[in-house]
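> return atomic coordinates for the entry below.
(one chain, ligands or ions: 1)
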Amino acid sequence: ATGGAAADWDVIVIGAGFAGITAARELRARGKRVLVLEARDRIGGRTWTDTYGGQLIERGGTWVEPTQPYLGAELTRYKLALEEDEPISTTWLPTPNGPRQFTPEDGFGRMGTVFERMFDGTRTYFEKPFQPLYRADLLQSLDKLTLRDRLTQLALTPEEELLVNGQTAVYAGGASTDGAFTMFAHWWALAGHTNAGWNDTMRWRIAKGTTALLQAMVNEAKPTIKLSSPVASVNDTGTLVYVTTTSGTRYSATAVVVAMPVNALGTVKFSPSLPPALTTATTQGIAVKNAVKLWIHARKGAGRVYGQGAEGGSPIPMLLPFKETSEGMLYVAFSTDPRLDPTNTAQVKKAVQQLGVNLDVIGVKAHDWGRDPYARGGWAFRKPRQLTTLYPEVTYTSGRLSFASGDIANGWSGYIDGAIESGLRAARQAAGEE
Ligand SMILES: Cc1cc2nc3c(=O)[nH]c(=O)nc-3n(C[C@H](O)[C@H](O)[C@H](O)COP(=O)(O)OP(=O)(O)OC[C@H]3O[C@@H](n4cnc5c(N)ncnc54)[C@H](O)[C@@H]3O)c2cc1C
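From the prediction side, this is the model:
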């Protein structure tokens with residue numbers, strides 16, 4: 001479907017995150033003339049390698065698992081090493097009597113016992129995790145459940161409930177009532193249906209940062225990338241597609257890969273309008289609306305401590321140790337509570353204290369992905385019924401447009417792996433191969 005005489009480009013890719021950069025590389029490999037239009041002044045989107053306290057940090061997506069197939073293939077291709085997080089020395093978990101210290105083995109083991117019950121059956125209903133609707137017959141009813149519904153079904157003791165509801169709430173964007181049970185169950189299935197597999201998804205980082213992988217892809221394919229070029233409209237005439245930026249510059253191509261976050265699709269005027277599944281997806285949102293990632297720099301003292309809160313408790317329900325700095329120690333934390341002001345050091349310190357952890361805070365660096373105009377959300381976490389009502393249509397082409405995003409992967413949605421998977425698929429579609 002390429003080769004239109006009047007087109008400036010064979011393919012325009014909108015968005016330079018992992019999905020867009022993957023699609024651009026694949027299309028360059030097929031000899032296409034590719035233009036990438038990116039709204040921000042950097043590539044990477046919801047991944048963003050930065051520095052703090054003299055260390056490389058990731059403001060967005062970080063952890064990768066070498067068994068994630070699409071990501072794993074890229075690591076091999078570019079010979080990029082992984083670095084393992086140093087071990088946690090102690091965990092603080094909520095109990096009915098307040099936060100309590102456990103050894104990591106004991107704490108994560110107890111949590112795992114509850115998760116194993118929660119996700120019992122995934123081998124059947126997510127038999128083929130990369131074909132998420134393979135057992136659509138079984139998923140129809142399961143996909144109606146919120147994470148809260150599933151916790152209720154399990155009739156957990158108060159102790160058991162408190163071990164996991166902080167995690168279910170934070171992944172779902174703040175409340176276990178918001179997220180689909182099948183979303184977490186799908187991740188569990190992708191991770192090999194075991195607690196050990198699931199824990200491994202939070203262990204490894206690309207040693208040189210996520211940017212190193214993106215840069216390797218760009219260096220190989222050399223697509224033309226225009227930064228600070230937010231797209232305002234996409235007009236598919238049937239023979240050509242016109243893409244116009246907010247500054248009024250218009251480009252034409254024979255095909256377009258829309259590699260924006262699903263939550264941000266509504267900010268662009270598409271004519272003809274987006275297909276129904278994507279209109280619903282962007283209206284409802286797939287990525288969680290509240291997602292603040294914080295980097296807390298604290299003086300030495302608390303050590304390599306992990307802290308987890310209860311649902312509805314601390315506005316910072318998850319704290320993990322990262323690395324020592326010359327002045328102290330860096331911690332990573334997540335908040336899905338819009339009431340938290342992450343720039344207010346005293347508030348951050350108090351929120352962490354509610355987990356049982358005392359940090360002598362030097363400073364905080366945070367990014368609010370929900371309020372970021374080019375993300376409008378954090379990681380993907382589907383709502384009830386989204387899997388069974390929006391898939392597979394969200395992955396289909398519409399005229400000369402194909403859609404890539406970690407929000408609509410068949411496998412690891414909400415992960416870098418999913419973004420790469422979707423970019424590969426959208427490139428094949430744009431090249432007319434499927
Ligand atoms: C806080 C946080 C933690 C995460 N943790 C992990 C993790 O540990 N491991 C993991 O694998 N994944 C993690 N993820 C998820 C992962 O980061 C995403 O799934 C992945 O980066 C999505 O890539 P993408 O290319 O689909 O979207 P994006 O990276 O969002 O790329 C989309 C691009 O489109 C651009 N854009 C938007 N609007 C326009 C416009 N109008 N015109 C032009 N360009 C536009 C954006 O600026 C952006 O660059 C995390 C995400 C967040 C937010």
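> can you pull the domain assignment for the chain?
According to the domain assignment given by automatic domain parsing, the chain is divided into the following structural domains: 9-46+208-285+382-430, 86-202+292-368.
> TSV for those, including mean pLDDT?
As requested, these are arranged in TSV below (pLDDT from 0 to 100):
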stretch	mean pLDDT
domain 9-46+208-285+382-430	98
domain 86-202+292-368	97
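> the ligand is nearest to which of the ones you listed?
Relative to the ligand, the nearest member of those by CB to the nearest ligand atom is domain 9-46+208-285+382-430, separated by 2.1 Å. Yep, even glycine has a C-beta here, placed from its N, CA and C like the rest.
> tell me the gap between the closest one and the middle of its chain.
How far domain 9-46+208-285+382-430 lies from its chain's middle: 15 Å, per CA atoms, centre = their mean, to the nearest Å.
> quote the end-to-end distance of it.
Distance between the two ends of domain 9-46+208-285+382-430: 12 Å, counting by CA to CA, to the nearest Å.
> equivalent analysis for stretch 397-407, please.
Its first and final residues considered, stretch 397-407 spans 16 Å by CA to CA.
> hmm, it touching the ligand?
Yes: Stretch 397-407 comes into contact with the ligand (CB under 6 Å from any ligand atom), by way of 405, 406.
> now the helices for the stretch 201-350 of the chain?
Taking DSSP state H, counting those that start in this stretch to define them, one finds helices in the stretch 201-350 of the chain at 210-221, 276-284, 345-353.
> that older thread, mind putting the domains of the chain in CSV, distance to residue 57 and mean neighbour count included?
CSV is the format used below for the domains of the chain (distance: least, CB to CB, whole Å; neighbours: other CB atoms under 10 Å):
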stretch, distance to residue 57, mean neighbour count
domain 9-46+208-285+382-430, 9, 22
domain 86-202+292-368, 5, 19
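> now the helices of the stretch 201-350 of the chain in CSV, with distance to residue 337?
Formatted as CSV, the entries for those read as follows, by distance: least, CB to CB, whole Å:
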stretch, distance to residue 337
helix 210-221, 26
helix 276-284, 21
helix 345-353, 8
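> residue 398 is nearest to which of those?
The stretch from those with the least distance to residue 398 (CB to CB) is helix 276-284; that distance is 7.7 Å.
> out of the helices of the stretch 201-350 of the chain, which is closest to residue 202?
helix 210-221 (15.1 Å).
> wait, does that closest one make contact with the ligand?
No: legend: contact between helix 210-221 and the ligand by CB under 6 Å from any ligand atom is lacking; minimum distance shown is 7.9 Å.
> can you pull the residues of the stretch 201-350 of the chain lying near the ligand?
On the criterion CB under 6 Å from any ligand atom, the ligand has as its neighbours in the stretch 201-350 of the chain the residues 230, 231, 259, 260, 261, 264, 267, 268, 291, 293.
> can you do 8 Å?
Selection of the stretch 201-350 of the chain residues close to the ligand by CB under 8 Å from any ligand atom yields 201-202, 210, 229-232, 245-246, 259-261, 264, 267-268, 287, 291-293, 334.
> restricted to strands, list those residues.
Using DSSP state E, 231, 232, 245, 292, 293, 334 are the members of those that sit in strands.
> need the nearest residue in space to residue 296, chain neighbours excluded.
Of all residues not flanking residue 296 in the chain, residue 331 sits nearest, at 4.4 Å (CB to CB, 6 or more residues apart in numbering).
> which secondary structure state does residue 371 sit in?
Three-state call for residue 371 (DSSP: H, G, I helix; E, B strand; the rest coil): coil.
> where's it relative to residue 199, distance?
Counting by CB to CB, to the nearest Å, the gap between residue 371 and residue 199 amounts to 31 Å.
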